[in-house]
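A.B. asks: Task: produce atomic coordinates for the following.
(2 chains)
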Protein chains: 2
Amino acid sequence: MTHRPGFTGSPLDRADRLRHDVEAFNGLLNDWRGRLLGMAGLDPQLDADGSLVWHSMAQAPLEAEFILLGLIEERPHFAMLVDGDSTPIRSPALWQALSLLPAEEAAIYGAARSVIDWHNANRYCGRCGGTTKVFRAGWGRRCSACETEHFPRTDPVVIMLAEHEGKALVGRQSRFPPGNYSALAGFLEPGESIEEAVRRELNEEAGITTGAVRYVTSQPWPFGGSQLMIACVAETIDPTITLDTNELEDVMWVTREEARAALAGEESAPFRAPPPFAIAHSLLRHWAA
Amino acid sequence: MTHRPGFTGSPLDRADRLRHDVEAFNGLLNDWRGRLLGMAGLDPQLDADGSLVWHSMAQAPLEAEFILLGLIEERPHFAMLVDGDSTPIRSPALWQALSLLPAEEAAIYGAARSVIDWHNANRYCGRCGGTTKVFRAGWGRRCSACETEHFPRTDPVVIMLAEHEGKALVGRQSRFPPGNYSALAGFLEPGESIEEAVRRELNEEAGITTGAVRYVTSQPWPFGGSQLMIACVAETIDPTITLDTNELEDVMWVTREEARAALAGEESAPFRAPPPFAIAHSLLRHWAA
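C.D. replies: Residues are numbered from 1 along each chain as shown, chains lettered A, B, ... in the order given. Now for the predicted structure:
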């Protein structure tokens, strides 16, 4: 696959070894070469070329708390915690920014945003209700009462095309822009394999029965938390559709030619494809090739 | 692959549609055909044949809270919440039980155990510190103060063999029984793809550099929470070992013949392989074949 999945290819060395070393972390915080990711609320700041903006550390407020995103060569890169509770998950400005950002830069922003969201959702300890405090270079919170350590989490999501007689199943939710269709998707549940989650979701949402599942690719998705998108193709055994109208407004079977027309943005295509930074785009592209 | 990965193949229909319907759930709770999973603390109860034990619902205490595991034909199957804070994660009795349980039954137990663990870790709301209460047929908790809804989560873990000149890299942690080696593994972090996490973990733990990553298979792992184990093989670019001795005590490159001898439990094998219910077993088996 020559197309790089969205939010992948970050040039940062995450430098896990330095997170555990309080002295090393303080050294990096006070390193004059340090850079701070520019954000507007939870959205990325972009410069005139459509690239991420990096500030100096001195531009942070005195009470700021930091996440060590990692190193590029010797230079430490940080993000700052922001209270994002009143920010919409997906603003039009954000979607526009993502259409400009190269995947490698979106990957840096995505990691920062996911960890910031996680801090906001974990100010209190789930075990005892005590307040938690940042530790491990921004990659953890420790409970002040029971000392439970909490670490940033990622939710696996399966996203898949069912395949039948040379066609693939795409669907649309009512909140999608008119004409847009995508691959079906859903959260993997405790106690399931990837393959089992793929078959369950296709059955729940579209009523179809599938068998063998092939893994295709994966990427992070940093909106509304931290998701690991796992893209697969499933062979259809029974293609009879029974739509779960709480989840989907419509589904349709499309040919490879129709998928290619949609990915190329042709007017005559029977649907509009997801943007290149969404894994459904990579998955459709892989399948249509 | 004819070998079924551990904790997969559950015969239960998870019946997500019924979780959202309070009336339907109450109907199932009071259905005389209902069965309750037998547990001893967090461990499964086994009968004389090495199968799971199912009780009637009437054997639960009056204040019990239930998880709807799903249906087999018309019959509802439940598990009961247990406070497991003082229970060891892995008892010798548990490991013995798992060596007896078929994967399909271990899958039922695994789902129950992961969801029970999740309830115990989420009695308070991470956003506001309020107390949470069970809802959605045991597949969620809602905050009594801010009404945030929380759902059972699963942490993706990558587990992989690096491949170099016909050999695969296995390693051992100091807590392993003498002679045991397994595939290297680690939690996927926010902002990473599966492929990126595989390369980072191999580099952090063993110092090697890897390139292309092939997905092999996946399975749940229900101990100490809920993990999704994602098994891969990575092509090695630079095989020079630099061991992270905080994580691993030793690593070694093994041939397919040596791996097959270990999987067969031969005395002469250079290491002892992980048990069949661990995905490292399935991964080694796939690679050695």
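A.B. asks: got any ranges where chain A has weak pLDDT?
C.D. replies: Applying pLDDT under 70 to chain A flags residues A:1-2, A:85-87.
A.B. asks: Apart from its chain neighbours, what residue comes closest to the residue most central in space within it?
C.D. replies: The centroid of chain A falls nearest to residue A:221 when counting by C-alpha atoms, centre = their mean (0.6 Å). Once its chain neighbours are removed from consideration, residue A:221 has its nearest residue in residue A:227; the separation is 4.2 Å (C-beta to C-beta, 6 or more residues apart in numbering or on different chains). Any C-beta I mention is one placed from the backbone N, CA and C, and that applies to glycine too.
A.B. asks: before we move on, what about residue A:149?
C.D. replies: The shortest distance from residue A:149 to any non-neighbouring residue, by C-beta to C-beta, 6+ apart, is to residue A:142 (5.2 Å).
A.B. asks: That neighbour and residue A:131 touch, don't they?
C.D. replies: No - under the criterion of C-beta atoms under 8 Å, residue A:142 makes no contact with residue A:131, lying 10.2 Å away.
A.B. asks: rewinding a little: the residue nearest to residue A:149: how many residues sit nearby?
C.D. replies: Neighbouring residues of residue A:142 were enumerated by other C-beta atoms under 10 Å in any protein chain shown; the total is 16.
A.B. asks: who touches it in this structure?
C.D. replies: Under the criterion of C-beta atoms under 8 Å, 6 or more residues apart in numbering or on different chains, the contact list for residue A:142 reads A:132-133, A:135, A:148-150.
A.B. asks: Within its sheet, name the partner strands of the helix or strand harbouring residue A:219 and how each one runs.
C.D. replies: Under DSSP states H and E, the secondary-structure element containing residue A:219 is strand A:209-221. Sheet pairing of strand A:209-221 (DSSP bridges) gives strand A:227-238 (antiparallel).
A.B. asks: Show me what counts as buried in the helix or strand just after the strand it pairs with.
C.D. replies: The element immediately downstream of strand A:227-238 (helix or strand, assigned by DSSP H and E) is strand A:250-255. Within strand A:250-255, the residues that qualify as buried are A:251, A:253-254, counting by 16 or more other C-beta atoms under 10 Å in any protein chain shown.
A.B. asks: can you redo the residues you listed as a markdown table with distance to chain B?
C.D. replies: Shown next, in a markdown table, are the buried residues of strand A:250-255 (distance: C-beta to the nearest C-beta, whole Å):
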| residue | distance to chain B |
| --- | --- |
| A:251 | 18 |
| A:253 | 24 |
| A:254 | 25 |
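A.B. asks: Now distance to residue A:63 too, for those, in a markdown table please.
C.D. replies: Putting the buried residues of strand A:250-255 into a markdown table (distance: C-beta to C-beta, whole Å) gives the following:
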| residue | distance to residue A:63 |
| --- | --- |
| A:251 | 50 |
| A:253 | 55 |
| A:254 | 52 |
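A.B. asks: of those, closest to residue B:89?
C.D. replies: The shortest approach to residue B:89 among these belongs to residue A:251, at 42.2 Å (C-beta to C-beta).
A.B. asks: Dig out what the closest one forms beta bridges with.
C.D. replies: If you apply DSSP bridges, the partners that residue A:251 bridges to are residue A:171.
A.B. asks: List the residues that contact it.
C.D. replies: Under the criterion of C-beta under 8 Å, 6+ apart, the contact list for residue A:251 reads A:169-172, A:184, A:206, A:241, A:243.
A.B. asks: ok, now residue A:155?
C.D. replies: Going by C-beta under 8 Å, 6+ apart, the list of residues near residue A:155 reads A:187-188, A:225-228, B:153-154.
A.B. asks: ditto for residue A:94
C.D. replies: The neighbourhood of residue A:94, defined by C-beta under 8 Å, 6+ apart, consists of A:42-44.
A.B. asks: In the helix or strand hosting it, which residues are buried?
C.D. replies: Using DSSP H and E, residue A:94 sits within helix A:92-100. Along helix A:92-100, the positions that meet the burial threshold by neighbour count (16+ other C-beta under 10 Å) are A:94, A:97-98.
A.B. asks: of those residues, closest to chain B?
C.D. replies: Taking C-beta to the nearest C-beta as the measure, chain B sits nearest to residue A:98 out of the buried residues of helix A:92-100, at 14.4 Å.
A.B. asks: what's the closest non-adjacent residue to that closest one?
C.D. replies: Computed as C-beta to C-beta, 6+ apart, the closest residue to residue A:98 that is not its neighbour in sequence is residue A:277, at 5.0 Å.
A.B. asks: Report how many residues lie close to that neighbour.
C.D. replies: Neighbours of residue A:277 using other C-beta under 10 Å come to 21.
A.B. asks: Surely the residue nearest to the centre of chain A and residue A:5 touch.
C.D. replies: No - with contacts counted by C-beta under 8 Å, residue A:221 stays clear of residue A:5, the gap being 10.2 Å.
A.B. asks: So for the two, which residues contact both of them?
C.D. replies: The contact sets of residue A:221 and residue A:5 overlap at residue A:279 (C-beta under 8 Å, 6+ apart).
A.B. asks: ok, residue A:63 to residue B:128 distance?
C.D. replies: In this structure, residue A:63 lies at 21 Å from residue B:128, with C-beta to C-beta, to the nearest Å as the measure.
A.B. asks: Of the two, which one has the most company?
C.D. replies: Residue environment comparison for residue A:63 versus residue B:128 gives the larger neighbour count to residue B:128, 15 against 6, counting by other C-beta under 10 Å.
A.B. asks: residue contacts, the more buried one?
C.D. replies: Counting by C-beta under 8 Å, 6+ apart, residue B:128 makes contact with A:123-124, B:143, B:145-146, B:148.
A.B. asks: ok, of the residues you listed, which come out buried?
C.D. replies: The neighbour-count criterion (16+ other C-beta under 10 Å) marks A:123-124, B:143 among these as buried.
A.B. asks: Next step: the contacts of residue A:155 restricted to helices.
C.D. replies: Using DSSP state H, the subset of these located in helices is empty.
A.B. asks: Tabulate those (a markdown table), appending distance to residue A:200 and neighbour count.
C.D. replies: Listed next are the contacts of residue A:155 as a markdown table, based on distance: C-beta to C-beta, whole Å; neighbours: other C-beta atoms under 10 Å in any protein chain shown:
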| residue | distance to residue A:200 | neighbour count |
| --- | --- | --- |
| A:187 | 11 | 16 |
| A:188 | 9 | 26 |
| A:225 | 21 | 18 |
| A:226 | 22 | 24 |
| A:227 | 17 | 21 |
| A:228 | 17 | 28 |
| B:153 | 17 | 20 |
| B:154 | 14 | 26 |
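A.B. asks: Closest one of those to residue B:193?
C.D. replies: Proximity of these to residue B:193, judged by C-beta to C-beta, is greatest for residue A:228, which lies at 7.7 Å.
A.B. asks: need the longest helix for chain A.
C.D. replies: With DSSP H applied, the helix covering the greatest number of residues in chain A is identified as helix A:103-121.
A.B. asks: so what strands line up beside the helix or strand following that one?
C.D. replies: Proceeding C-terminally, helix A:103-121 gives way to strand A:132-135 as the next helix or strand, assigned by DSSP H and E. Applying DSSP bridges, strand A:132-135 is found paired with strand A:140-143 (antiparallel).
A.B. asks: Output the strand it pairs with in CSV, but only the C-alpha positions, please.
C.D. replies: As requested, C-alpha coordinates have been extracted for strand A:140-143 and formatted as CSV (Å, rounded to 0.1, in the frame of the first residue of the first chain):
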residue,chain,number,x,y,z
GLY,A,140,0.0,8.7,33.5
ARG,A,141,-2.1,9.9,36.5
ARG,A,142,-1.7,8.7,40.1
CYS,A,143,-4.5,8.7,42.6
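A.B. asks: roughly how far out does that strand sit from the chain middle?
C.D. replies: On the basis of C-alpha atoms, centre = their mean, to the nearest Å, strand A:140-143 sits 23 Å off its chain's mean C-alpha point.
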